[in-house]
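Undergrad: Sequence isn't available, so here's the structure alone:
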C-alpha cells in the first residue's frame, strides 16, 4: 500500500513514538512534501516561507531533548530500543517513520548528524544556512566550548535532500584540484581517489579534535570518516560521562567521533547511511561554496540500498491501523 500524505498525517495524529510536539495542519494535500521542524527558536520561519513556495508543507513541530542533551531520555530509537540520540531526536524519528519527508533541525555538537546516523538517514548541516538569524544564538557546550548552532536537514531520500539544499545554497562552481582525505586505518575501498593520512582518535576530547579538524580541512577538499555505531553499545552523553573513568568509557562506547566537532569547527558536513547498524559515512569540508558543491558531487557513489527488512517493517504505515481483536 502506498503511503499517502493522508496516511502520514493519520500516523502523526497517532504519534506512536511521542515524537510529534504539535501538528501544524488539520489536513495535508497529496503531492506536497511534508516538513517537520525541531521545536526551537533557532530555526527561522523564513525557511518555511521559502519552502512553502516550492510545494513543501509544514506538517509537524518535533520534540527534542531537553536543553540540547545528546541523549533524549523521553524518546526511544525505533530500531535499537535504546534511548534516542539527541538533540534533534523527534525530527529524526518522524522522518524515519515516514510522518515527514524531510526535517529541519539544529546542530551544535552533533545534534543533527548523530540522530540521522542512528536511524539510517541522510543528514546535512552548514553554518551558511540562514547565517544572520542563527548567529543571534550563541551557545556553550557541556565541555565549555562557545559556538553558534548550524541549521540542517534530515531525510530518507537523497535526491530530496539535494533538492532542498540547492534551494538555500545554490552554487555551480567546483574545486579544480580535488584532495580527499581518509584515515590510514580505513580499509574500505572508495570509488574515487583518496589520500590516506593519520587522524587523531575520533573519540578524543572535543578540545583536542577541534583544532586538529580545523587545520586539516584547510588542506583538503573534504575529509571522509566512518561514524558509529551510534548509541548502540554505550551512552553518548557528556553529562553522564563526566563523572569518572568508568562513565567516560561507557560514553566513548557510543562511538560519536568527529561529528561532535563539525559545527564547532564552522564546517559543513553530510552523513550517508551504511547498511551496518547505526553507522554512516561523514563527509566534512570547510564552509566554502566551491568545496561544498564538490563534496556533494561525490555523495551518490556512496549511497547504498536501504535495508530491506527495516523498510518492510517500518514503511508500511497501514500496519499501525490494522484491526484488533473483535468480540463476537
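TA: It's in. Owing to the predicted nature of the structure, the values given are computational and were not obtained by experimental measurement.
Undergrad: Can you check which helix is longest in this structure?
TA: In the chain, taking DSSP state H as the definition, the longest helix is helix 206-218.
Undergrad: Which residues does that one contact?
TA: Here helix 206-218 makes contact (C-beta atoms under 8 Å, 6 or more residues apart in numbering) with 109, 141, 143, 145, 181, 197, 199-200, 202, 223, 258, 260-262, 264-267, 284-286. C-beta coordinates here come from the backbone N, C-alpha and C atoms, glycine included.
Undergrad: cool, stretch 243-254 as well?
TA: By C-beta under 8 Å, 6+ apart, stretch 243-254 touches 203, 230-238, 240-242.
Undergrad: One more: stretch 140-153?
TA: For stretch 140-153, contacts defined as C-beta under 8 Å, 6+ apart pick out 42-43, 47, 102-109, 111-113, 122-127, 129-130, 134-135, 137-139, 161, 164-165, 205-207, 210, 238-239, 242, 263-264.
Undergrad: average pLDDT across the helix or strand that the longest helix of the chain is followed by?
TA: The element immediately downstream of helix 206-218 (helix or strand, assigned by DSSP states H and E) is strand 222-227. Per-residue pLDDT over strand 222-227 has a mean of 99.
Undergrad: Now do the buried residues in strand 222-227.
TA: 222, 223, 224, 225, 226, 227 (16 or more other C-beta atoms under 10 Å).
Undergrad: mind listing what it pairs with, with the direction of each?
TA: strand 180-183 (parallel), strand 280-286 (antiparallel) (DSSP bridges).
Undergrad: dump the residue contacts of residue 192.
TA: Residue 192 touches 180, 298, 301, counting by C-beta under 8 Å, 6+ apart.
Undergrad: how many neighbours does the first one have?
TA: By other C-beta atoms under 10 Å, the residues close to residue 180 number 19.
Undergrad: Pairing partners for it in the sheet, please.
TA: residue 222.
Undergrad: Could you measure from it over to residue 188?
TA: Plainly put, residue 180 is 13 Å away from residue 188 if you go by C-beta to C-beta, to the nearest Å.
Undergrad: same question, the last one
TA: Taken as C-beta to C-beta, the spacing of residue 301 relative to residue 188 amounts to 12 Å.
Undergrad: Where in the chain is the helix or strand with the lowest mean pLDDT?
TA: strand 139-140 (a mean of 92; mean pLDDT, DSSP states H and E).
Undergrad: Now do the helices in the stretch 101-250 of the chain.
TA: Here the stretch 101-250 of the chain has its helices, by DSSP state H, counting those that start in this stretch, at 113-118, 131-134, 158-168, 206-218, 238-241, 245-252.
Undergrad: Which one of these lies nearest to residue 96?
TA: Across the helices of the stretch 101-250 of the chain, residue 96 has its closest neighbour in helix 113-118 (9.2 Å, C-beta to C-beta).
Undergrad: Summarise which helices and strands the closest one is packed against.
TA: With contacts taken as 3 or more C-beta pairs under 8 Å, 6 or more residues apart in numbering; DSSP states H and E, helix 113-118 sits against strand 83-85, helix 89-96, strand 122-126, strand 150-155, strand 267-273, strand 280-286.
Undergrad: neighbouring strands for the first one, and are they parallel or not?
TA: With DSSP bridges as the test, strand 83-85 is paired with strand 71-76 (antiparallel).
Undergrad: mind checking how far the strand it pairs with is from the chain centre?
TA: Centre-to-centre, strand 71-76 and its host chain are 16 Å apart (C-alpha atoms, centre = their mean, to the nearest Å).
Undergrad: can you state the direction angle for that strand and helix 245-252?
TA: Here the directions of strand 71-76 and helix 245-252 differ by 60 degrees (axes from the mean of the first three to the mean of the last three C-alpha atoms, to 10 degrees).
Undergrad: tell me which residues of strand 71-76 are tucked away?
TA: 71, 72, 75, 76.
Undergrad: now, which of the residues you listed sits nearest residue 34?
TA: Of the buried residues of strand 71-76, the one sitting nearest to residue 34 (C-beta to C-beta) turns out to be residue 75, at 19.6 Å.
Undergrad: give the contact list for that closest one.
TA: 17, 18, 19, 63, 65, 83, 84, 89, 90, 93.
Undergrad: Can you add pLDDT and distance to residue 173 and give the residues you listed back as CSV?
TA: Listed next are the contacts of residue 75 as CSV, based on pLDDT from 0 to 100; distance: C-beta to C-beta, whole Å:
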residue, pLDDT, distance to residue 173
17, 98, 42
18, 99, 44
19, 99, 39
63, 99, 39
65, 98, 38
83, 99, 42
84, 99, 38
89, 99, 36
90, 99, 36
93, 99, 37
